[in-house]
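1. Mind folding the following:
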Amino acid sequence: MISKLIKKTTTFVVSAAMVFSTITFTMPEKTVSASPTTGSKLVWSDEFNGNSIDTSKWGFEIGTGSNGWGNNEQQYYTNRSDNAYVADGALHIRAKKESYGGRNYTSARLNTNGKFTFTYGYVEARLALPSNQGIWPAFWMLGANIGSVGWPSCGEIDIMEAINAENKTYGTCHWNVNGHAEYGKPTGNFDITQYHTYGLQWDNEYIRFFVDGNKFYEMSIANNVGDTDEFHRPFYLLLNVAVGGNWPGFSINDSAFPQEMKVDYVRVYQDNPSYNSSSSNNVDKSNGSNAGSSGNTGNTGNSGNNGSSSNTPASGMGMNYAGDSSATAYVNNSKWTDIHYSVNGGGQQNVRMTQSGDKATYTVNGLKSGDTVKYWFTYCNTSGYVKDTASYSYTHKGNSSSGGSSSGSSSSGSTSGTVNTASGDVTIYQDANYGGRNTSLGVGSYNLASLIAKGFKNDDMSSLKVPFGYKVTIYQDDNFSGKSKVITSDASYIGNDWNDQMSSIKVEKARYKIINRHSGLCLDVAGANKASGTNVQQCQANGNVAQEWEIDFNKDDSTYILKSALTGKALDMDDWSQNNGGNAIIWDNNKTNNQRWYITMVDGEYSFLINKHSNKSLEVAGWSTSNGGNVQQWDYSAQANQQWKFVLAN
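-> Numbers count the residues shown, from 1 in each chain. Below you'll find the predicted structure:
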């Protein structure tokens, strides 16, 4: 929400600060946690379960600010219940069309300045957003020293912004480099009016942004790279809904008001609690009190609210497993339960468990013999007290065949004389945060001679962009030998172990198995038939290429074509159907709207696929769990048989 002192369109460009550019949802890196870490504590939250705004946690900003909060915004912010209130377990920030304070619109802007500030941690809010011409909701952070140093020297982190009726949100960082610098990106398209979880992972090396557990943007701040010292100091939180202004523009749909942003919760976790707070209702109560680090005194826990700080959870929490394939965590007597889990020590995924009465459950499917799954719980019991995180883990055992290792050594080959000059969608950069010399790469193999021909030299890469649908393998040595690493999403800093250590690189189209959440079965071309019109079904994984799919991105409308690796034909709705029950087939890839799909993450693993022509969701018919179960389209309802996981097959 650009700190409200200069125009959104102003950009001071440096090597570590870039103008907005469209990217799409990609699968998160396994090493990146879109959730609290295993040792973190919930140090502050507001669940909005009462009937009024907790003024020990939130303050109001009132008025029009300087020059419409620096952006020529058209609203007057108030502290009235007409514009901000708590109801039905959520905070509602309501923008209204009315004459007030010399303006034609009213709204609210809340912040924690002077009540709660912190440095580093995992921040998360679950939000449902308004979407109409002229509206501008935001969940963001400002440096707590703004009063003494001003903006942009205080720093700003926009976790979520949305404008007008766009079906996407933006994440942005602003700071000072002899003037205003900004770097940010939009997400891919999804329905922002539904509840989604917007998260920020912030430490002394990176700022990473997530929607529903899916990372869409990161920025390196290690060692103050790009003069980013602002981001190593305390920040406070803000929530607001603006109307009009330099960024969304001044064309406002007056007939759409009132417009509301709904906030289910806001939570802050830290590994080493370092915060200041005046609230008596913080949630870090592991031992009755929390001593803040760096001289910041923690807050005494309320008597009777203390959770256990050990790894032995309260009675009624546990873990069940079924053969080799799934593990289910459960919590009895809970009001709500968050869980994050990892498989085989990989990246942690954060989800809200399914609530049925006072019992919450969540199941991880697709496990194999020998896989280890670990759960961490953060839950609120039926008395309303937030409890500490507890954990369980289990290693599956069974009679599944052992897959064996594929680590073998790579051949140096004899391609030293080959020069690949192709360009494409993958971009490598000399500097961190996508700065310095850069070049784009198309599908192909690039040895050292190829890279030199494109303007790069040996060991000359620090970051790269890899759109969803691509697989990139980097090699330490020339001719695709030596140490290697596979990358399938953007990396603003390749890591200390790889920085300036790449001498050859391969760019491939990724192939995915697309697995249904409900059945655990794969999207499959029936009978491996190559003819147009062949039915698409589900089937258990069998290693057949008929179960592998490639993805092409359409930049004109942010949709995707899903191509069968068997034939190159596209996933298509038969006979241009717009009806519930319309059948999925493959057909010649002609890029028509019935072959275009919006891919939107539901959580850290699964996505729903919406057909552009019909606006309906791809699903397994009749909740089938059988081989041969038909695949069709139906009205989107976020149910499990409409959710699909993309698993790298090559």
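2. Which parts of the stretch 51-200 of the chain are helices?
-> 146-149 (DSSP state H, counting those that start in this stretch).
3. Look up the closest residue to Val263, ignoring the ones flanking it.
-> Nearest non-adjacent residue to Val263, counting by C-beta to C-beta, 6 or more residues apart in numbering: Leu91, 4.0 Å away. In short, each C-beta sits where N, CA and C put it, glycine included.
4. whoops, Val620 was the one
-> Nearest one to Val620, counting by C-beta to C-beta, 6+ apart, is Asn641 at 4.6 Å.
5. which residues touch the one you found?
-> The neighbourhood of Asn641, defined by C-beta atoms under 8 Å, 6 or more residues apart in numbering, consists of Asn516, Arg517, His518, Ser519, Glu619, Val620, Trp623, Ser624.
6. Among the residues you listed, list the two that are farthest apart in space.
-> Arg517 and Ser624 (13.1 Å; C-beta to C-beta).
7. Which one's more surrounded, these two?
-> Arg517 (22 against 19; other C-beta atoms under 10 Å).
8. Show the pLDDT at that one.
-> At Arg517, the model reports a pLDDT of 94.
9. tell me how far stretch 355-367 is from the chain's mean position?
-> Relative to its chain's centre, stretch 355-367 lies at 22 Å (C-alpha atoms, centre = their mean, to the nearest Å).
10. Convert it to CSV, retaining C-alpha atoms only.
-> Output in CSV follows, covering the C-alpha atoms of stretch 355-367 (Å, rounded to 0.1, in the frame of the first residue of the first chain):
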residue,chain,number,x,y,z
GLN,A,355,-13.6,-29.2,11.4
SER,A,356,-16.5,-31.5,12.2
GLY,A,357,-18.1,-30.5,15.5
ASP,A,358,-15.3,-30.2,18.0
LYS,A,359,-12.9,-32.6,16.1
ALA,A,360,-10.4,-31.5,13.5
THR,A,361,-8.6,-33.8,11.0
TYR,A,362,-6.2,-33.5,8.1
THR,A,363,-4.9,-36.3,5.9
VAL,A,364,-1.7,-36.5,3.8
ASN,A,365,-2.2,-39.0,1.0
GLY,A,366,0.2,-40.6,-1.5
LEU,A,367,2.8,-41.7,1.0
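11. Stretch 68-84 spans what distance, first to last residue?
-> From its first residue to its last, stretch 68-84 covers 19 Å (C-alpha to C-alpha, to the nearest Å).
12. and that stretch, average pLDDT?
-> 95.
13. Next: stretch 141-151.
-> Rounded mean pLDDT across stretch 141-151 is 92.
14. mind listing what's buried in that stretch?
-> Burial within stretch 141-151, assessed by neighbour count using 16 or more other C-beta atoms under 10 Å, is assigned to Met141, Leu142, Gly143, Ala144, Asn145, Ile146, Trp151.
15. Which residues outside it are in contact with it?
-> Against stretch 141-151 from outside (C-beta under 8 Å, 6+ apart): 3-5, 70, 111, 113, 117, 123, 153-159, 174, 200, 230, 233-238.
16. Quick one, which of these are buried?
-> With burial judged by 16+ other C-beta under 10 Å, the buried subset of those is 3-5, 70, 111, 113, 117, 123, 154-159, 174, 200, 230, 234-238.
17. Now do Gln540 against Ala432, distance only.
-> The spacing between Gln540 and Ala432, counted by C-beta to C-beta, to the nearest Å, is 43 Å.
18. and what of Arg109?
-> From Arg109 across to Ala432, the span is 34 Å (C-beta to C-beta).
19. do Ala526 as well
-> 47 Å.
20. out of these two, which sits in the busier spot?
-> Higher neighbour count among Ala526 and Ala432: Ala432, with 23 against 17, using other C-beta under 10 Å.
21. Low-confidence ranges, the stretch 151-300 of the chain, go.
-> 279-300 (pLDDT under 70).
22. 80 instead?
-> 272-300 (pLDDT under 80).
23. all strands for the stretch 501-650 of the chain, in order.
-> 504-509, 512-516, 522-525, 536-539, 549-554, 559-564, 570-573, 584-587, 597-601, 606-611, 617-620, 631-634, 644-648 (DSSP state E, counting those that start in this stretch).
24. pLDDT-wise, which helix or strand of this protein ranks last?
-> strand 390-395 (a mean of 54; mean pLDDT, DSSP states H and E).
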